[in-house]
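> What follows is a predicted structure for the sequence shown.
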Amino acid sequence: MPIPLVIRPDIALALREGHPVVALESTIISHGMPWPQNAETALRCEQAVREGGALPATIALLDGTLVVGLTQAQIETIARLGEAVVKTSRRDFGYVLSRKLAGATTVAGTMIACRLAGIRFFATGGIGGVHRGAEVTMDVSADLEELGKTPVCVVCAGVKSILDQAKTLEYLETRGVPVVGYQTEFLPSFFARTSPYRVPFRLENPESVAALAREHWNLGLDTGIIVANPVPEADAFDAELIEKAIREALTDMESEGVKGKDATPYLLKRINEITAGGSLKANIALVLNNCRLAAGIAKAYAEGEGIR
């Protein structure tokens with residue numbers, strides 16, 4: 001049976017002709033930010049990708065279809081619906097499509113769409129990972145499993161600092177996922193530029209990242225690749241300050257009994273309240289920064305040789 005996949009015509013043409021395309025997720029629109037900043041940020045992300053020399057493809061599920069390349073009107077629909085949109089990861093696709101619901105793709109969900117559409121590069125805020133206390137709760141993001149089997153390069157500001165960064169790095173190593181620090185030797189902490197944890201590889205420019213991706217995939221190593229790009233210095237938080245806010249938010253989350261896929265949206269919202277809006281400002285800055293870098297890498301990859 002045909003896959004319920006619709007690729008916007010200009011994106012389909014760019015993919016056929018080998019032009020650079022960068023995927024963008026939609027959970028950051030529905031669950032990551034409030035209206036109207038979510039719609040404004042989504043459109044600014046698309047513009048940042050274009051300015052970097054690539055074509056943006058924002059992805060979501062609408063009316064029983066997986067849409068690769070939302071229109072501005074569709075982006076605004078997802079933004080206005082907000083948390084009424086179903087957060088859609090690998091396990092959720094069948095339900096959302098069969099019920100013809102609006103679904104916002106997570107990192108894992110967006111990677112699945114990338115594989116179906118033939119997109120190799122994806123910009124987001126931060127990836128999911130092993131949650132703090134996972135040795136008790138077994139709460140591990142599906143993003144990590146998808147990274148272990150889906151060949152997409154994910155440009156992010158590292159692992160969300162609400163997670164257990166050390167365990168997440170160990171998990172990624174086990175799955176054979178390269179983690180590249182972009183102009184850094186340390187794993188960025190989403191709101192902070194650094195952490196105590198070293199990354200295995202450091203690269204300095206988009207061309208070097210594109211070359212790594214080309215060699216990795218040409219060998220048939222069909223895992224994802226993480227490019228960890230620190231939040232811009234002007235918008236970064238002090239690591240100790242943001243950790244204090246995270247611990248307070250975690251305590252509040254536990255007392256309210258929030259669990260599962262509701263945990264990350266709750267924590268991001270609560271941290272923004274604790275930081276008086278500072279974390280939202282940093283979140284917007286880092287995702288725009290990632291869009292610019294992803295566009296540069298996609299452009300360098302498209303201009304390279306020996307690509308398949």
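Structure received.

> Quick check: the closest residue to Thr106 other than its chain neighbours vs Glu145, distance?
In this structure, Thr106 finds its nearest non-sequential neighbour in Ser89, 4.6 Å apart by CB to CB, 6 or more residues apart in numbering. Every residue, glycine included, has its C-beta placed from N, CA and C. In this structure, Ser89 and Glu145 are 10 Å apart, going by CB to CB, to the nearest Å.

> any residues in contact with both of those two?
Residues touching both Ser89 and Glu145 (CB atoms under 8 Å, 6 or more residues apart in numbering) are Ala108.

> count of residues packed around Phe191?
By other CB atoms under 10 Å, 30 other residues sit near Phe191.

> which ones are touching it?
Ser161, Val231, Ala236, Phe237, Ile242, Ile271, Ser279, Ala282, Asn283, Leu286.

> can you check Gly109 too?
Glu25, Thr27, Ile59, Thr88, Ser89, Arg90, Asp92, Phe93, Gly103.

> Return the members of these classed as buried.
When burial is judged by neighbour count using 16 or more other CB atoms under 10 Å, the buried members of those are Glu25, Thr27, Ile59, Thr88, Ser89, Arg90, Asp92, Phe93, Gly103.

> Format the residues you listed as JSON lines; extra columns: pLDDT, distance to Gly125 and secondary structure.
Below are these laid out as JSON lines (pLDDT from 0 to 100; distance: CB to CB, whole Å; DSSP: H, G, I helix; E, B strand; the rest coil):
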{"residue": "Glu25", "pLDDT": "97", "distance to Gly125": "8", "secondary structure": "coil"}
{"residue": "Thr27", "pLDDT": "95", "distance to Gly125": "9", "secondary structure": "helix"}
{"residue": "Ile59", "pLDDT": "98", "distance to Gly125": "15", "secondary structure": "strand"}
{"residue": "Thr88", "pLDDT": "97", "distance to Gly125": "17", "secondary structure": "strand"}
{"residue": "Ser89", "pLDDT": "96", "distance to Gly125": "16", "secondary structure": "coil"}
{"residue": "Arg90", "pLDDT": "96", "distance to Gly125": "19", "secondary structure": "helix"}
{"residue": "Asp92", "pLDDT": "97", "distance to Gly125": "20", "secondary structure": "helix"}
{"residue": "Phe93", "pLDDT": "97", "distance to Gly125": "22", "secondary structure": "helix"}
{"residue": "Gly103", "pLDDT": "98", "distance to Gly125": "18", "secondary structure": "strand"}
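
> So which of those residues is the closest to Ile75?
Closest to Ile75 out of the buried ones among the contacts of Gly109 is Ile59 (10.8 Å), distances taken as CB to CB.

> avg pLDDT for stretch 10-22?
The pLDDT scores in stretch 10-22 average 97.

> Pull it out as PDB, backbone CA atoms only.
Extracted in PDB, the C-alpha atoms of stretch 10-22 (Å, rounded to 0.1, in the frame of the first residue of the first chain):
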ATOM      1  CA  ASP A  10       9.700  22.300  -4.300                       C
ATOM      2  CA  ILE A  11      11.300  20.000  -1.700                       C
ATOM      3  CA  ALA A  12      10.700  16.900  -3.800                       C
ATOM      4  CA  LEU A  13      12.400  18.700  -6.800                       C
ATOM      5  CA  ALA A  14      15.300  19.700  -4.600                       C
ATOM      6  CA  LEU A  15      15.800  16.200  -3.400                       C
ATOM      7  CA  ARG A  16      15.600  14.700  -6.900                       C
ATOM      8  CA  GLU A  17      18.200  17.200  -8.100                       C
ATOM      9  CA  GLY A  18      20.500  16.700  -5.100                       C
ATOM     10  CA  HIS A  19      20.100  20.200  -3.600                       C
ATOM     11  CA  PRO A  20      20.500  20.700   0.100                       C
ATOM     12  CA  VAL A  21      17.400  20.200   2.300                       C
ATOM     13  CA  VAL A  22      17.200  20.500   6.100                       C
END
